[in-house]
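> Got a predicted model here, sequence first, then my questions.
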Amino acid sequence: MRPLLLLLISGLCFVPAAFDPGKPEMQLSHSLTLDSLGACQGISWQNGKAYLYGDREVGMIREFDLVGDSLLYTGKEYRLTLNDTDVINHPTGFAVHGKDPVFMGNSVLLDRATNKWKALIYCIDWPGLQRTGTLDGGNLKNVIEDDACIQGTRPEYVEYKHKWYVATADYGGRANEVRLYEPAVLQHAKKTTDKGVVYKKFTCGAWVQNMQWLPSKGLLLLIQNQVEGRKWRFTYVDLKKSLESGKAEVVKMVDSIDRGDELEGFSFLSTLSKGVAVTSSRKGNVNFIDINW
């Protein structure tokens, strides 16, 4: 009876860890160079296609197929222009979720001498843009000034308490935040400080370039630089705990990929075991990552 009693007691005392503190591990598999993207700013994986966006002579998006361990250009390019004028010239973030409104971010340099920026969020008709190739024809639905931000904007859909929100984060050296916006209010707003736009927020680390939501894990991945404009950092935070505590509750920070260039974006592909990181470099701007959970 005694061994059985001990077994029952040990079973009652066992509490599985929510996350393995050593995981996920991330390792650079191989790098590619894809041209005609300008300084690549991000990647969005949608319905088996990779959409890479950058700031060439105009802001633009290109569609790619995943073939083996490579991305092959499908020939489809979407220019973020209106009446032949560059509108989303520096795209940062691409928030897409089902039939919810689609948002892209943009950072506009107002004064180089003082490094003063203006952050804008654009509500776009993404299927319309895919049909016509530009923002003409009503594909630009609204322009929202993200004046609630500290520096820059990078929208990404996340789920919290069974509801979807548009999250964004700051790119600065201090006092950064991740904020959740109500998409139904945001799509019609003039500014993010308008009533009802901001839902919740929490503080986070510096130099967040982009974000990726992992619904099956409840984790928000902050795609960061370790210092301004250089070196890679991936920070996994527990979204629920972070929103409840008001600060980023870090599950794992990965600084081990030894690259000195500017990490701009990252997306998992069809599974959480493989992803692609993009940089603003002219060479090696597309990088395949193996992830071990």
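That came through, no problem. Numbers count the residues shown, from 1 in each chain.
> Which residue lies nearest the spatial centre of this structure?
Met211 (2.7 Å; Cα atoms, centre = their mean).
> For the stretch 101-250 of the chain, which segments count as helices?
Taking DSSP state H, counting those that start in this stretch as the criterion, the stretch 101-250 of the chain contains helices spanning 126-132, 183-186, 239-245.
> Switch those over to a markdown table; also include distance to Ser29.
All C-beta spots, glycine's among them, are computed from the backbone N, C-alpha and C. Output for the helices of the stretch 101-250 of the chain, formatted as a markdown table (distance: least, Cβ to Cβ, whole Å):
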| stretch | distance to Ser29 |
| --- | --- |
| helix 126-132 | 30 |
| helix 183-186 | 35 |
| helix 239-245 | 27 |
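> closest one to Cys40 among those helices?
helix 126-132 (18.6 Å; Cβ to Cβ).
> any residues touching stretch 286-293, and which ones?
When contacts are defined by Cβ atoms under 8 Å, 6 or more residues apart in numbering, stretch 286-293 is touched by residues 20, 23-34, 40, 52, 69, 71, 257, 259, 266, 268, 272-279.
> Select only the buried ones of those in ChimeraX?
Remark: buried members of the contacts of stretch 286-293, expressed as a ChimeraX selection using 16 or more other Cβ atoms under 10 Å:
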select :24,26,28,34,40,52,71,257,259,266,268,275,276,277,278,279
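> So which of the contacts of stretch 286-293 are in strands?
Using DSSP state E, the members of those that fall in strands are 25-32, 40, 52, 71, 266, 268, 274-279.
> Rank the helices and strands of the protein by mean pLDDT and give me the bottom one.
Least confident helix or strand of the chain, by mean pLDDT, DSSP states H and E, is helix 2-13 with a mean of 41.
> Hmm, Tyr171 is touching Trp207, no?
Yes - applying Cβ atoms under 8 Å, one finds Tyr171 in contact with Trp207, separated by 6.0 Å.
> and the residue nearest to the centre of the chain, how far is that from Val58?
From Met211 across to Val58, the span is 24 Å (Cβ to Cβ, to the nearest Å).
> Next one, pLDDT for the residue lying closest to Val185 once chain neighbours are set aside please.
Of all residues not flanking Val185 in the chain, Gly196 sits nearest, at 4.6 Å (Cβ to Cβ, 6 or more residues apart in numbering). Per-residue confidence (pLDDT) for Gly196: 98.
> Hmm, Ala184 and Gly196 touching each other?
No - between Gly196 and Ala184 there is no contact under Cβ under 8 Å: 9.1 Å.
> any common contacting residues for these two?
Both Gly196 and Ala184 lack any common contacting residue under the criterion Cβ under 8 Å, 6+ apart.
> hey, what's the closest residue to Leu110 other than its chain neighbours bridged with?
Excluding the flanking residues, the one nearest Leu110 by Cβ to Cβ, 6+ apart is Lys116, at 4.6 Å. When assigned by DSSP bridges, Lys116 has beta-bridge partners Asp111.
> Counting by contacts, list what the strand or helix carrying Trp45 packs against.
Element membership for Trp45 (DSSP states H and E) is strand 40-46. Counting contacts by 3 or more Cβ pairs under 8 Å, 6 or more residues apart in numbering; DSSP states H and E, strand 40-46 is packed against strand 49-55, strand 91-95, strand 263-268, strand 274-279.
> Now do the same for Ser107: its pLDDT.
On the pLDDT scale, Ser107 is placed at 84.
> same question, the one 4 residues further on
The predicted local confidence for Asp111 comes out at a pLDDT of 69.
> give me the low-pLDDT residue ranges for this structure?
Along the chain, segments meeting pLDDT under 70 span 1-19, 109, 111-112, 114-115.
> Who are the contact partners of Gln90?
Just so we're on the same page, residue 90 is His rather than Gln. Gln41, Asp55, Gly59, Asn106, Ser107, Val108 are the contacts of His90 under Cβ under 8 Å, 6+ apart.
> Quick one, which of the residues you listed are buried?
Members of those classed as buried by 16+ other Cβ under 10 Å are Gln41, Asp55, Gly59, Asn106, Ser107.
> which outside residues touch stretch 69-84?
Contacts of stretch 69-84 (Cβ under 8 Å, 6+ apart): 29-30, 32, 34, 49-50, 52, 58-65, 86-89, 91, 104, 129-130, 133-136, 140, 276, 286, 288.
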